[in-house]
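Undergrad: whatever this is, show me its structure:
(chains A and B)
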Amino acid sequence: MSLSLLHIAVLVPFLFAVIIPVLGRMLRGIHIGWLVLPAPIALFVYFLTCIGNVQRGELIQESIPWIPSLNVDFTVYLDGLSLLFALLISGIGSLVVLYSIFYLEKDEEALGPFYVYLLLFMGAMLGVVLSDNVIVLYGFWELTSLTSFLLIAFWNKRERSLYGALKSMLITVLGGLAMLAGFVLLYVMTGTFSIRDLIAGAGDIADHALFLPSMLLILLGAFTKSAQFPFHIWLPDAMEAPTPVSAYLHSATMVKAGIYLVARFSPLYAGEELWFWLVAGCGLTTLAYASYRAIKQTDLKGMLAFSTISQLGLIMSLLGLGSAAAFYNGGAESLIYTKATMAAMLHLVNHAVFKGMLFMMVGIVDHETGTRDIRKLGGLMRLMPITFTVALIGTFSMAGLPPFGGFLSKEMFFTAMLNITKLELLNMQTLGVLFPIIAWLASICTFVYCMLLLFRTFTGRGNVSNLHRKPHEAPFGMLASPIMLAALAVVFGLFPNILSYTIIEPAMAAIHPSMLAEGAKFRVSIDFWHGWTMEIYMTIGVIAIGALLYKLQSRTVLLNRPLFTAPSLNGMYNAGLRMMDKGSNRMTRTYMTGSLRHYVIYIFVFLLVAVGMTLSKQSGIIFDFSAFAPMSLYEGIILAGMIAAVIAIPFSQSRMLSILLTGTAGYLVTLFFVIFRAPDLALTQMIVETVSVALFLLCFYHLPKLKKEDAKPRFKAVNLLVALGVGTVMTVVALAASSDRPFEPIANYFIEESYHLAGGKNIVNVILVDFRGFDTMLEIVVLCIASFAIYSLIKLKLPGEETDSSALIKRSLLAQGLWSEPRSNDVILKTVAKPAIFIILLFSIYLFFAGHNNPGGGFIGGLMTSAALVLMAMAFGLDTFARLIPINFRVFTAIGISIAFLTGMGSFLFDVPFLTHTFGHFDLPLLGSIELATATLFDLGVYINVVGITMTIITTIGRDR
Amino acid sequence: MEFYMALAIGVLFTAGVYLILSKSLLRIILGTSLLTHGVHMLLLTMSKLKTGAAPLLGEKADAYIDPVPQALILTSIVISFGVTSLFLVLAYKAYQKLKTDNMEELRGEEHE
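TA: Next up, the predicted model:
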């Protein structure tokens, strides 16, 4: 249940990824790579120590609950298969980091991001191979795609890098999503996300209708990731990445995630005929196709890319053949076919070794000569003898020549291919003969491109003088990693059983769990020499024909030119991408018209449909008019007046009339607040309406005259239809809501507890400042933002605006007159205003203090005070006003918010939640018994804030010229 | 009374939406004001009308009217004042800058 060492192993690279940029900045003198290097080395050592346990069958499984309600747990699980991959990831990772320190110049490259991506990838990849929960596995899987994208696009100024990055991302993420769908289908069938549980119940779901779809989806994920035909097209373009990345992600580890997935799910799907055909068939096709394509490459990395694709196909096909073991339930017959799995695991290691070394070798050649073009290279053997030796070991191992590791796995590959012809199922008696033939032909191609790679680069006359710089041997640091790998290739070739007992056996046990009795293990023993068998004749044939073809290569069109160009897979990808781009653009443009009116119509129509549907589906909506309140004649007249005013607004052709009619509607709404016993609302609405009309008139001069809506009848008809629809739905909602009460209103709680809990008799005010104080607090923040937005909108002068609006200034000078130049009738206004302002101010203060028990409160008091100040500004002009009351109202607003906020914070002193109010009754001299509540202090904040906001808005707009 | 209020609400919403869909910026702003009134009336009507005294405990009545919608509406009135002011300034600033208050002429660019 706790964080285990294995969990930490997955998290270490992520931890490093966080620390490294900080450390790198502190230690500028050091190449960041040195700081990164300890992480993979420590991981490698840790995984080495796990070998013993795993060999004895003591598997590690640790779980941390993550989203238990969705059955998603961060469970790590280490068995033979996971261990094999974990060792590859950390081992090759260490060597690649070491190599990259010398490959990437300290001062020229963005090393921080590079190593962060690399560490993220390492962690994600470990997560993929160690996760037991498929959802977690999926998350890590996509993270590997993402980091791969970032690393391919590392030189993000290059067009090709971006193209390659996007391509790999699109293809692998597409596969990842398919895989996720497959996982979900598995969950639907079994109810578990755990791979262990899925495998334990393997036989139970074989007949389920979703079994095959889930298999196909998961295979799609595996094939795209492992670049199997026809999804391989992303891998050659991924070679735009820095060479250490190509060596690590795009040959040794990430592309093998697909292999891992197939191996991991083999126990579940093996025995399914389609699984055999797809995995073996797709692998074999990829092997043959890519090895043939590799011959024609002129770029060294391109050659290695196709070589990687073809080798991945080889391993994939071996896994497919290995699944044939499941057709027999145990026994000697099935053991024959598990040989294929053994070959797959062995070749997995061999491939990582020789391909890693070859990529590093190509990196060195590129680094030293400045080119990777095979046509420009040659004769490097004399100049770079160590690099040549490395290349020799790597290519010979890849070509399957003794005494290197590749020879052994190639022999075993032939054995597996020959064995499968003996299978008595699936028409193998007739079709089976194709398997060894294709495998043999592909091996010939492999031999040819290996020789091309080696000899075209290092032998021949070589026109070294044409190169940009004179090449010489690479520094030792750069050679260290490939030399170590070369040594491994030799050691694994001569002493293969180092691998077989420690890693291969447990990995096979993980892939074929049902083959073994409890506690038993596979006996794997790899021999170098089997005697004069069919396999050895095949190898000799490969060498003989391969050597001949190598000689013919430069003269045979079939071997050095693209076969056909027109309907290529890449062309299809490009065209498809273009079409989707255009198509989605066209589709978007049909509704994203740029017209706000259209968007508003979408919103209203949605409202109409959503509310209408809900109302019609909801059973139990009753229109019960019996409990409705009676209406007096007086109320009827007000209602009719309001309706008339509202209906008149759309027909009004003048600004003034429209504003006044809207104001009329607002004042009549105030009357309804009075009728419906809402004194607070009536007071608020009255003041707001007054200030609003003043505001409208202030802005009046800035806005153009209303034009007659010169719209087409269709435009108006649509508007009217939408408007009528919304109106009708709202009428129905009002009727339904007021006639039926499916549940008790919460009102009673507030009515009963208002005085008891909060010491206030004005329930509305108590709700605002106490029960729902936090809402109010946020509300004044919103208001504050609005007022500041208005302030900045008006004060903001964009460059060049000054001259643009010179004509407008003239017009707005008229508006200015409203404020600065007193007119004759102002005398009356001034005289009346003086006492009026005084009375209103006093009344506003009364309203504020009365608020807790009687109508009033911070909002109303604040608005009333603002009304008095607005009157003052109107009567005496803004300049006089600013002289009389030299307050910066924006600061005032901030003070208000601070008071409200600090009142809320005060609760913390008493260890109670934010904004918990208290109250008490105190006897004060002169004033007598008075009730003091912290809510009043909060309300004071609201009061000050509202005054500040209102006055900021009015004075800013009033001063705008 | 509720029935007639429901009708009035329908009228307020219809006029509000119709104005919001028109071309002139000023009409749109007035439309939002009407829509706000409509919502306020709807909230009040939902809680049933005239079922008790004003929600002031000093009234010492047997029944009080539902205070919750009133608290909601009070908040809404003040907020909509702020929003309307912002709209107004936005509208006339846009007019000053772009020389038009016609929404059809204020459409976005082709590729936005």
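
Undergrad: for the rest of this, base every contact and every neighbour count on C-alpha atoms.
TA: Fine.

Undergrad: excluding its backbone neighbours, what's nearest the residue nearest to the spatial centre of chain B?
TA: The residue lying closest to the centre of chain B (Cα atoms, centre = their mean) is B:Thr36, at 0.9 Å. Nearest residue to B:Thr36 in three dimensions, chain neighbours excluded: B:Ser80, at 7.4 Å (Cα to Cα, 6 or more residues apart in numbering or on different chains).

Undergrad: and that neighbour, which of the three is it?
TA: helix (DSSP: H, G, I helix; E, B strand; the rest coil).

Undergrad: over to A:Asn854?
TA: coil.

Undergrad: which element, helix or strand, includes A:Glu473?
TA: Assigned by DSSP states H and E, A:Glu473 belongs to neither a helix nor a strand.

Undergrad: my read: it touches A:Thr389, true?
TA: No. Applying Cα atoms under 8 Å, one finds A:Glu473 not in contact with A:Thr389, separated by 11.9 Å.

Undergrad: who's more crowded, these two?
TA: Using other Cα atoms under 10 Å in any protein chain shown, the more surrounded residue of A:Glu473 and A:Thr389 is A:Glu473, with 19 against 16.

Undergrad: neighbours of the closest residue to that one other than its chain neighbours, just the number please.
TA: Spatial nearest neighbour of A:Glu473, excluding adjacent residues (Cα to Cα, 6+ apart): A:Met384 at 4.6 Å. A:Met384 has 18 neighbours, counted by other Cα under 10 Å.

Undergrad: just A:Thr421 next, same as before
TA: 19.

Undergrad: once you drop chain neighbours, what's closest to it?
TA: Among residues not flanking A:Thr421 along the chain, A:Gly432 sits closest, at 4.5 Å (Cα to Cα, 6+ apart).

Undergrad: again with A:Val96
TA: Distance criterion Cα to Cα, 6+ apart; nearest residue to A:Val96, sequence neighbours excluded, is A:Pro244 at 5.8 Å.

Undergrad: one more: A:Val262?
TA: In space, and not counting its chain neighbours, A:Val262 is closest to A:Ala222: 6.6 Å by Cα to Cα, 6+ apart.

Undergrad: any idea of the mean pLDDT for the helix or strand hosting that neighbour?
TA: Assigned by DSSP H and E, A:Ala222 belongs to helix A:211-225. In this model, helix A:211-225 has an average pLDDT of 92.

Undergrad: for it, the distance to its chain's centre please.
TA: Centroid separation for helix A:211-225 versus its chain: 23 Å, with Cα atoms, centre = their mean, to the nearest Å.

Undergrad: who does the helix or strand following it touch, helix- and strand-wise?
TA: Helices and strands here follow DSSP H and E; after helix A:211-225, the next one along the chain is helix A:234-237. Judged by 3 or more Cα pairs under 8 Å, 6 or more residues apart in numbering or on different chains; DSSP states H and E, helix A:234-237 is in contact with helix A:159-190, helix A:300-322.

Undergrad: how about those helices, which one is nearest chain B?
TA: Among the helices and strands packed on helix A:234-237, the nearest to chain B by Cα to the nearest Cα is helix A:159-190 (22.6 Å).
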